[in-house]
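Provided below for reference: sequence and predicted model.
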Amino acid sequence: MEFRKKALSKLQSPEELDVPLRFARPQGRLVLAVTVAVMAAASFWAVTGTVSSKLSAPGILTHAEGSYLLQSPVAGQVTDVLVEEGRAVSAGAPLLTVRTDQGDRPVRALTAGRVTTLFARTGAVITTGANVATVERVSNADDPLVAVLYVPGADASAVRVGARVDLGVESAPRNRFGVLRGRVQAVGRAPQTQAQIAGFLGDDALAARFSRPGDPVAVLVTLERSATTRSGYAWSSADGPPYAVDSRTPVTGSVHLSAQRPVDWLLP
């Protein structure tokens, strides 16, 4: 009964009506303000911002016309090798001499280019159709390098001409020299077989490596030029490596795909 009397008395004469009501402490107001600001920034970015994704693919530095595998038209013993790796040759130039039953026969370059690999050695006995050299088709020593990437066919449709490409070069450590800069120049229309890749690169081993993912599509990448680097190409670092990059160097390309909005708004 005593408790009930006190409760009724308090209801009839409430106290402290003149004391201000405190809604939140200063720390609480600061937290609220920060939360509102973050939510406003996130909402703005969701409407106007974009997300950029990348597609990684293996490839190689080469010249635009590719290479070919030179095979011996005769069988016999190699008596003389007339060129060295890295040397430029003209169309029809003899690369080596083979002793046959009909006498010494030269094996000649089919087109002008640069000998990148020699398989034949003096004294070796070769058969008709044996691989003797890989010759890169180069009409001018100053022709720029390009990169050819082999993108899985299922992902090729996402690659756009003009897209930016970052190329990690196997002979230039990324943590020291950064990446080569390039742009997509062309995207193949159909997947390539291992034989087609070998025909362009002049290398069966590379063709097997690049065709491993299945149904690869060739993507041609032009390299950005620079007059301030030793290699003559633009790198993400200031100078790039203190040496030239060679043709037929393996690379890994990161293709920047089209930017997409993080939120798709559905309007009635």
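Great, that's in hand.

in stretch 166-185, what counts as buried?
By neighbour count with 16 or more other Cβ atoms under 10 Å, stretch 166-185 contains the buried residues 166-169, 172, 177-184. For glycine as for every other residue, the C-beta is placed from the backbone atoms N, C-alpha and C.

Tell me which of these fall in strands.
166-169, 180-184 (DSSP state E).

returning to what we had before: nearest to residue 252, out of the buried residues of stretch 166-185: which one, please.
residue 168 (4.5 Å; Cβ to Cβ).

Report the contact partners of that closest one.
For residue 168, the contact set (Cβ atoms under 8 Å, 6 or more residues apart in numbering) comprises 174, 179-180, 251-254.

can you tell me which two in those are farthest apart?
174 and 253 (12.5 Å).

Start and end of stretch 62-80, how far apart?
The first and final residues of stretch 62-80 sit 29 Å from each other (Cα to Cα, to the nearest Å).

Over to stretch 213-229?
34 Å.

Just the buried residues of that stretch, please?
Neighbour count says stretch 213-229 has 216-223, 229 buried, by 16+ other Cβ under 10 Å.

what bits of the stretch 101-250 of the chain have low per-residue confidence?
Applying pLDDT under 70 to the stretch 101-250 of the chain flags no residue at all.

Tell me which stretches of it form helices.
For the stretch 101-250 of the chain, the helices defined by DSSP state H, counting those that start in this stretch occupy 174-177, 194-201, 204-210.

does residue 118 have beta-bridge partners, and which?
residue 133 (DSSP bridges).

wait, doesn't it sit right on residue 131?
No. Using Cβ atoms under 8 Å, residue 118 makes no contact with residue 131, being 10.0 Å away.

Tell me which stretches of the stretch 51-200 of the chain form strands.
Here the stretch 51-200 of the chain has its strands, by DSSP state E, counting those that start in this stretch, at 54-62, 67-71, 76-81, 88-89, 94-100, 103-108, 113-118, 125-126, 131-136, 146-152, 164-169, 180-187.

Using JSON lines, lay out these together with distance to residue 207.
Shown next, in JSON lines, are those (distance: least, Cβ to Cβ, whole Å):
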{"stretch": "strand 54-62", "distance to residue 207": "11"}
{"stretch": "strand 67-71", "distance to residue 207": "10"}
{"stretch": "strand 76-81", "distance to residue 207": "25"}
{"stretch": "strand 88-89", "distance to residue 207": "23"}
{"stretch": "strand 94-100", "distance to residue 207": "22"}
{"stretch": "strand 103-108", "distance to residue 207": "23"}
{"stretch": "strand 113-118", "distance to residue 207": "14"}
{"stretch": "strand 125-126", "distance to residue 207": "22"}
{"stretch": "strand 131-136", "distance to residue 207": "12"}
{"stretch": "strand 146-152", "distance to residue 207": "9"}
{"stretch": "strand 164-169", "distance to residue 207": "20"}
{"stretch": "strand 180-187", "distance to residue 207": "19"}
